[in-house]
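Novice: Please find the sequence and the predicted model below.
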Amino acid sequence: MDLSHLKEIRVLIVEDDDDDWLITRKIFQQIPEPSFVVDRSSTYEEAIEAIEKREHDVYLIDYRLGEHTGTDILEKVHPERRAQPFILLTGVADTDLERRSLRLAAADYLVKGSFDATLLSRTLLYALQRKLIEQQRVDQLIELNQAKEDFISIASHQLRTPATGVKQYLGMVIEGFVGDVPEAQLGLLRQAYQSNERQLRIISDLLKVAQVDSGKMKLHPELVRIDELLVEVLDELGSVLKERDQSVTLNKTGTDVPAIKFDRDSIRMVFENIIDNASKYSPQGSNINVEIGRPDSSLSVSVYDQGVGIVEKDLPRL
């Protein structure tokens, strides 16, 4: 990694004391190379305005700025999101301040009067180089994530085509378009059809994950009755529940369950995942209770199972 592509390095010094500004500028003038172009902001407001323009490569920020501090600037501009390093200047060594500045993503910390041209130059160049390495790692992660999204999208489309064909052919056989089918074989065909349906839903889920990661997922709200949607979900999970010898009870508190506007497929996937997890982590032969309630003017859906539950210390992670 090198910074040879920078013909000159633009530095913004945020300093309200004229004497300290002149001293720091003089130290910069003693640096033989690379070439530093130094600008100054003398107030918090000027500094924020200058930083937002993103015209500088590195920022040296004095801790004392009238009513404000250098850490106020760090909190305001979010240096962890920027490609330019921010270095805090202070008149006195302070371990707590140093730790706080580093927690706020400052690249380094310098005490006035303790650095010469060599140390200042090395500090700035090291900070720039670290930021450059960080940015390159971020770019690599973005490329890897994009490759993952492309793979999921292509693989999902390729899997969907043959799976959809299998569904159509199975449906034709079940409906008797190619002749009568013995009842014993018809039962197996229906199970195969249901398994194929589940495979298609998994493929759709993969596509949705890729869309969410890439920020391309679009929601299509429509009026849906929660109770009817839950009945569909439970019917689709019927074969899984039967294999585990489990039962599900759907209870409604009151009879007034209004239609609500939301993206049907997305909420359906939420219910499928929650109820499937309730089944997966409950003992064989147990019962799962799904309740639709109307607390106040809202609508709630609760799923109760007989599983092992979640360790108390992990609950905040939910």
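Specialist: Nice, thanks for sending it over.
Novice: Please count neighbours and contacts with C-alpha atoms only from this point.
Specialist: Fine.
Novice: E222 belongs to a helix, doesn't it?
Specialist: No. Counting by DSSP: H, G, I helix; E, B strand; the rest coil, one finds E222 to be strand, located in no helix.
Novice: how about the helices in the stretch 151-300 of the chain?
Specialist: For the stretch 151-300 of the chain, the helices defined by DSSP state H, counting those that start in this stretch occupy 183-213, 226-236, 238-243, 264-280.
Novice: elements contacting the longest one?
Specialist: This means helix 183-213. Helix 183-213 sits against helix 117-174, with contacts defined as 3 or more C-alpha pairs under 8 Å, 6 or more residues apart in numbering; DSSP states H and E.
Novice: can the helices of the stretch 151-300 of the chain go into TSV with extra columns for mean pLDDT, distance to M172 and mean neighbour count?
Specialist: Putting these into TSV (pLDDT from 0 to 100; distance: least, C-alpha to C-alpha, whole Å; neighbours: other C-alpha atoms under 10 Å) gives the following:
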stretch	mean pLDDT	distance to M172	mean neighbour count
helix 183-213	80	11	16
helix 226-236	89	20	16
helix 238-243	84	21	15
helix 264-280	89	26	16
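Novice: do you know which of these lies nearest G113?
Specialist: Ranking the helices of the stretch 151-300 of the chain by proximity to G113 (C-alpha to C-alpha) places helix 183-213 first, at 48.7 Å.
Novice: how about the helices of the stretch 151-300 of the chain, which one is nearest L88?
Specialist: helix 183-213 (35.7 Å).
Novice: Check the offset of the closest one from the chain's centre.
Specialist: 28 Å (C-alpha atoms, centre = their mean, to the nearest Å).
Novice: Just the element for Y59, please.
Specialist: strand 58-62 (DSSP states H and E).
Novice: Note down every partner strand of that strand and its orientation.
Specialist: Here strand 58-62 is paired, per DSSP bridges, with strand 9-14 (parallel), strand 86-90 (parallel).
Novice: Let me know which of the ones you listed is tucked in deepest.
Specialist: Mean neighbour count, computed with mean count of other C-alpha atoms under 10 Å, is highest for strand 86-90 among those, reaching a mean of 24.
Novice: got a list of contacts for it?
Specialist: Contacts to strand 86-90, defined as C-alpha atoms under 8 Å, 6 or more residues apart in numbering, come from residues 58-64, 70, 74, 79, 101, 105-112.
Novice: now with 6 Å?
Specialist: Outside strand 86-90, the residues that touch it by C-alpha atoms under 6 Å, 6 or more residues apart in numbering are 59-63, 106-112.
Novice: Likewise for stretch 63-76?
Specialist: Against stretch 63-76 from outside (C-alpha under 6 Å, 6+ apart): 61-62, 89-90.
Novice: Out of the residues you listed, which is nearest to S153?
Specialist: I61 (46.0 Å).
Novice: picking up where we left off before, buried stuff in the strand holding Y59?
Specialist: 58-62 (16 or more other C-alpha atoms under 10 Å).
Novice: Return the set of residues that bridge with the closest residue to V301 other than its chain neighbours.
Specialist: Spatial nearest neighbour of V301, excluding adjacent residues (C-alpha to C-alpha, 6 or more residues apart in numbering): I292 at 4.7 Å. Beta bridges link I292 to K252, V301 when assigned by DSSP bridges.
Novice: any idea how far the closest residue to L250 other than its chain neighbours lies from L60?
Specialist: Nearest in space to L250, with sequence neighbours left out and distances taken as C-alpha to C-alpha, 6+ apart, is V290 at 4.8 Å. Separation of V290 from L60 (C-alpha to C-alpha, to the nearest Å): 59 Å.
Novice: Could you list the low-pLDDT ranges of this structure?
Specialist: For the chain, applying pLDDT under 70 flags the ranges 1-7, 211, 213-216, 254-255.
Novice: is it possible to export the helices of the stretch 151-300 of the chain to CSV including distance to A47?
Specialist: Shown next, in CSV, are these (distance: least, C-alpha to C-alpha, whole Å):
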stretch, distance to A47
helix 183-213, 35
helix 226-236, 53
helix 238-243, 62
helix 264-280, 45
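Novice: isn't the residue nearest to L250 right next to V303, touching?
Specialist: Yes. Contact criterion C-alpha atoms under 6 Å: V290 and V303 qualify, at 4.6 Å.
Novice: quick one: which of these two has more around it?
Specialist: V290 (19 against 16; other C-alpha atoms under 10 Å).
Novice: State the distance from that one to I9.
Specialist: Distance, V290 to I9, using C-alpha to C-alpha: 63 Å.
Novice: T123 too?
Specialist: T123 is 13 Å from I9, where distance means C-alpha to C-alpha.
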